[in-house]
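Chemist: coordinates for the following, if possible.
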Amino acid sequence: MTMVETSPDPEQRASIAELGQLLETAVLDLPDQYRTVVMLRDIEELSTLETAAALDLTEQNVKVRLHRGRALMRNWLFVRAGEKAKTAFPFMGERCDRVVGCVYARLNGRDRTTSDYPAKKS
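Modeler: Numbers count the residues shown, from 1 in each chain. As a prediction, this is how the structure comes out:
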């Protein structure tokens, strides 16, 4: 029986730490009205009702502020990611073609697997 290492390697730990710093900065840069709602809902995991009661807001207002706060954070993160944001999800070429081929085969009533298609070239 072999044991599989499940703890992150140093590179993964560094990436996780860097991502944590980015998210923390994104939250802290939000205007107060959005930051408090995001903190209570996403970080403290309070319900919409609990957040509304804590901040003396309506539930609808909490939902609006949470949505706007998340949008501001998303934009902040994309600005910092720069050009790399556009390449985060690249077209997978031949692999994508194999997957699409399998989907079409199933839609046409043929049960094909990805192994029925040419292997990805290195």
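Chemist: for the rest of this, base every contact and every neighbour count on C-alpha atoms.
Modeler: Fine.
Chemist: just how off-centre is the helix or strand of the chain with the lowest mean pLDDT within its chain?
Modeler: Sorting the helices and strands of the chain by mean pLDDT, DSSP states H and E puts helix 94-107 at the bottom, at a mean of 79. Helix 94-107 has its C-alpha centroid displaced from the chain centroid by 25 Å (CA atoms, centre = their mean, to the nearest Å).
Chemist: list the buried ones in that helix?
Modeler: Going by neighbour count (16 or more other CA atoms under 10 Å), the buried part of helix 94-107 is 95, 98, 101-103.
Chemist: ok, now stretch 54-65?
Modeler: Using 16+ other CA under 10 Å as the test for burial, stretch 54-65 gives 59, 62-63, 65.
Chemist: out of these, flag the one nearest to Q21.
Modeler: Using CA to CA, R65 comes nearest to Q21 of those, at 22.6 Å.
Chemist: give me phi/psi at the closest one?
Modeler: For R65, the backbone dihedrals (degrees, to the nearest 10) come out as phi -60, psi -40.
Chemist: isn't it up against P31?
Modeler: No - assessed by CA atoms under 8 Å, R65 is found out of contact with P31, at 10.4 Å.
Chemist: for the spatially most central residue of the chain, pull up the helix or strand it's in.
Modeler: Nearest to the geometric centre of the chain sits R74, at 9.9 Å (CA atoms, centre = their mean). Assigned by DSSP states H and E, R74 belongs to helix 59-81.
Chemist: helices or strands next to that helix in the packing?
Modeler: Other elements packing on helix 59-81 under the criterion 3 or more CA pairs under 8 Å, 6 or more residues apart in numbering; DSSP states H and E are helix 10-28, helix 32-38, helix 48-55.
Chemist: make a markdown table from the ones you listed and add distance to K84 to it.
Modeler: Output for the helices and strands packed on helix 59-81, formatted as a markdown table (distance: least, CA to CA, whole Å):
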| stretch | distance to K84 |
| --- | --- |
| helix 10-28 | 15 |
| helix 32-38 | 26 |
| helix 48-55 | 34 |
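Chemist: mind checking which of those is nearest A81?
Modeler: A81 lies closest to helix 10-28 among these, at 10.2 Å (CA to CA).
Chemist: cool, thanks, talk later.
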